[in-house]
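**Student:** Provided below are the primary sequence and the corresponding predicted coordinates.
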Amino acid sequence: MAHGYLALTEIDLIYWVTSEYDPSDENGVAWDDPTLAVPWQLERPPVLSDRDAVNPTFQWELIPSFS
């Protein structure tokens, strides 16, 4: 499961969760990943958090497996 947001105006994003945040269970992928090729339709590069700015490109072998 992946999600991404493009806000065209300033927003507050609120997550509703069912359990406490566990940073060891978090992964990311570069917003401009060529494999995913999301058509963001941007006029200029997005403003990214420090964490999101260093996300790697998509690689199947890095996807964790769950059982």
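**Tutor:** Structure received.
**Student:** Flag the shaky bits of the protein, pLDDT-wise.
**Tutor:** For the chain, the stretches with pLDDT under 70 are 1-2, 67.
**Student:** again, 90 this time
**Tutor:** Along the chain, the parts satisfying pLDDT under 90 run over 1-11, 13-28, 40-49, 51, 59-67.
**Student:** ok, residue 65 to residue 9 distance?
**Tutor:** The gap separating residue 65 from residue 9 is 39 Å, by Cβ to Cβ, to the nearest Å. Backbone N, C-alpha and C define where each C-beta goes, glycine included.
**Student:** Same question for residue 43.
**Tutor:** Remark: distance between residue 43 and residue 9 (Cβ to Cβ) = 14 Å.
**Student:** Distance check, residue 38 against residue 46.
**Tutor:** Between residue 38 and residue 46 the distance, using Cβ to Cβ, works out to 11 Å.
**Student:** Name the residues contacting each of these two.
**Tutor:** Residues touching both residue 38 and residue 46 (Cβ atoms under 8 Å, 6 or more residues apart in numbering) are residue 31.
**Student:** secondary structure element for the closest residue to residue 28 other than its chain neighbours?
**Tutor:** The spatial neighbour of residue 28 that comes closest, neighbours along the chain excluded (Cβ to Cβ, 6 or more residues apart in numbering), is residue 55 at 3.8 Å. Using DSSP states H and E, residue 55 falls within no helix or strand.
**Student:** CA atoms of stretch 14-22 as CSV?
**Tutor:** Listed in CSV are the C-alpha atoms of stretch 14-22, where the atom choice follows Å, rounded to 0.1, in the frame of the first residue of the first chain:
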residue,chain,number,x,y,z
ILE,A,14,-4.7,14.6,9.7
TYR,A,15,-4.4,10.8,9.9
TRP,A,16,-6.8,8.7,11.8
VAL,A,17,-5.0,5.6,13.1
THR,A,18,-5.9,2.5,15.0
SER,A,19,-2.5,1.9,16.7
GLU,A,20,0.6,3.7,17.8
TYR,A,21,3.1,4.9,15.2
ASP,A,22,5.9,2.4,14.7
